[in-house]
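Enquirer: Sequence and predicted structure are below.
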Amino acid sequence: MAKRAFQDGPGPSQRQLRVGELVRRTLSDVLMRGDVHDADLSGMSITVGEVRVSPDLKVATAYVTPLGGKGQDQVVKLLARNASELRKLVAKNVQLKFAPELRFRVDETFDRLDETRRLFDQDNVRRDLDDE
């Protein structure tokens, strides 16, 4: 059986993207409402920037950051400690054959954005951009 052309390549499939976004929204809602029974976690405001799902949809890696960016490692540890409860809450709201195993990583998107802005503010870079 031949593969379809649109599935070739290193990027995620449409299904992975769709499931990842669904899990991201559901996880964000669960964290925002404070549905997790952990006093340390319920008082925190956490942004779920992205969720990447494995090709078999069994593992979902959520990229998170706390409001203000302070205590990122602590947030990841708290979420990992409550991963099974979060998985049950996500499974309750997402209609999938299997509830994906949740893994948590620090979202470094904002750090890279700040670094990019810093680079664009350098005189030699600004001069090169103005020449164009």
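Expert: It's in. Numbers count the residues shown, from 1 in each chain.

Enquirer: tell me the contacts of residue 103?
Expert: Residues counted as contacts of residue 103 (CB atoms under 8 Å, 6 or more residues apart in numbering) are 59-62, 80, 83. The C-beta positions use only the backbone N, C-alpha and C, and glycine is treated the same way.

Enquirer: Relative to residue 15, how far out is residue 55?
Expert: 9 Å (CB to CB, to the nearest Å).

Enquirer: actually residue 29, sorry about that
Expert: 21 Å.

Enquirer: Which members of the contacts of residue 103 are classed as buried?
Expert: For the contacts of residue 103, a burial check counting by 16 or more other CB atoms under 10 Å picks out 60-62.

Enquirer: Closest one of those to residue 42?
Expert: Nearest to residue 42 out of these is residue 62 (CB to CB; 17.4 Å).

Enquirer: Pull the number of nearby residues for the closest residue to the closest one other than its chain neighbours.
Expert: Nearest non-adjacent residue to residue 62, counting by CB to CB, 6 or more residues apart in numbering: residue 51, 4.8 Å away. Residues lying near residue 51 (other CB atoms under 10 Å) number 26.
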